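> Dropping the sequence and predicted coords here.
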Amino acid sequence: PHRLVDLDEDEKAERLVRQLGATVADFPLVILGGSRTVLGATPARLAEELGMRPPAPPATCDVVVVGAGPAGLAAAVYAASDGLSVYLCDAVATGGQAGTSAKIENYLGFPAGISGTELADRSLLQVRKFGATLDIPTKVQEVVEDEDRFRVIFEDGREITSDVVVLATGVRYRSLHAAGLDRFQTSNLFYAATAQEARMCVDTPVAVVGGGNSAGQAALFLARTSPRVHLVVRAADLGAGMSRYLVDQIQHHPRINVLLSSEVVEAHGGNRLEAVTVRHGDVLEKLRVGHVFVFVGAAPATTGLKVDVARDPDGYILTGAEAELAGVRTEGSPRFSLETTIPGVFAIGDVRHGSVKRMTSAVGEGASVVRQIYEYLNEGRHSRVRA
């Protein structure tokens, strides 16, 4: 429970500021229990004050997992349950992209569906059950090779030494800057078009935003069940970023309405999305839609993380055979499908080049990497050999 005091709207705010002796530079500030005040509050500082973070990381551990989305959570659970000491951290929160899903219906064992938040919460129970250390929010700044181990350096200056590092930082989907659209982030706004989403769009008009192949494929797929698909494209030519075969199919499909030189500028609705406003030059048009599908690209969430692993031109981390081609490896080092160009540093989930950008695949990679970690630890380069 909390109460928010808005400095611009609450008439009592000025009196409260005077009582605290605070200045503009001290905001945002948080008052805890009426006695403690956190000036210039950040999520990390507030988490520390609330006792949600460990006081300090252990000096050493077997595995540091960077990123607590589905891939990172799975890696932490399976590694800890197999007896490895695990330190799991994330700069924001648990759940990753899956944490924003209102309902996941295609995950094995949950025929009635499960929300991304609930799935993350259940995974956290297992993380704690098997003894892994959870540190959220905390940001990893650098991974440094230290003989046959790694020093993981956090943004606040703390460090931990680890045998293995698993990068599971995921991606950040590029979003639309349309007024009111954020309110529907967990209900009517999607970044993928699978059979699950298609079932939700039966008898409901939808808008697909994007001019690439992924947007074109999504429009054709959704047109199977939706009575009307509005394809909103910023470019003046549909063929500018889309394959010819997709352009031909879309242009001849009776249910797809193509809007070129257009962009979504506003979303409308109460508890659910009801319409969007699209701008074509100086003309505004309101479209009745129940869902919006965004395909304007994604970027790997590695900004600010210093680790000298090979990446593809888009910044995704190379692993396995592709990583082998990208860099020179230490003589005698193992070659694992999820290992990067630095022996002992693995990448899993959406941040990995070539991965299937789906939650189930991310969980599978989180489980698979544990076996590869054991093989790496047992191959003789470490003083501690595990059975």
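Arrived safely. Residues are numbered from 1 along each chain as shown.

> got the buried residues for stretch 108-118?
For stretch 108-118, burial by neighbour count (16 or more other CB atoms under 10 Å) applies to Ile114, Ser115, Gly116, Thr117. Just so you know, the C-beta spots here come from the backbone N, C-alpha and C atoms, and that holds for glycine as well.

> Over to stretch 45-61?
By neighbour count on 16+ other CB under 10 Å, the buried set for stretch 45-61 is Arg45, Leu46, Glu48, Arg53, Pro57, Cys61.

> which residues of the stretch 201-350 of the chain fall in strands?
All strands of the stretch 201-350 of the chain, identified by DSSP state E, counting those that start in this stretch, fall at 206-209, 229-232, 256-259, 262-269, 273-280, 283-288, 291-294, 298-300, 345-347.

> closest one to Leu220 among those strands?
With CB to CB, the closest approach to Leu220 among the strands of the stretch 201-350 of the chain belongs to strand 256-259: 7.4 Å.

> tell me the secondary structure for Val143?
Here Val143 is recorded as strand under DSSP: H, G, I helix; E, B strand; the rest coil.

> Could you report the neighbour count for the closest residue to it other than its chain neighbours?
For Val143, ignoring the flanking residues on the chain, the nearest one in space by CB to CB, 6 or more residues apart in numbering is Val307 at 4.1 Å. Val307 has 22 neighbours, counted by other CB atoms under 10 Å.

> show me what contacts Val307?
By CB atoms under 8 Å, 6 or more residues apart in numbering, the contact list for Val307 reads Glu142, Val143, Val165, Leu167, Ile342, Val345.

> and what of Gly269?
Contacts of Gly269 (CB under 8 Å, 6+ apart): Arg183, Phe184, Asn188, Ala275.

> so how far is Leu176 from the third one?
Shown here: Asn188 relative to Leu176, a distance of 13 Å by CB to CB, to the nearest Å.

> Mind listing the shared neighbours of these two?
With CB under 8 Å, 6+ apart, Asn188 and Leu176 have common neighbours Val292.

> Between those two, tell me which one has more neighbours.
Asn188 (23 against 18).

> Neighbours of the closest residue to the more buried one other than its chain neighbours, how many?
In this structure, Asn188 finds its nearest non-sequential neighbour in Leu273, 3.8 Å apart by CB to CB, 6+ apart. Residue neighbour count, defined by other CB under 10 Å, stands at 23 for Leu273.

> Relative to Asp82, how far out is Leu273?
The value you get for Leu273 to Asp82, if CB to CB is used, is 44 Å.

> ok, now Glu285?
According to CB to CB, Glu285 and Asp82 sit 57 Å apart.

> what is the mean pLDDT for the lengthiest helix in the chain?
Counting residues, the longest helix in the chain under DSSP state H turns out to be helix 359-378. When pLDDT is averaged along helix 359-378, the result is 93.
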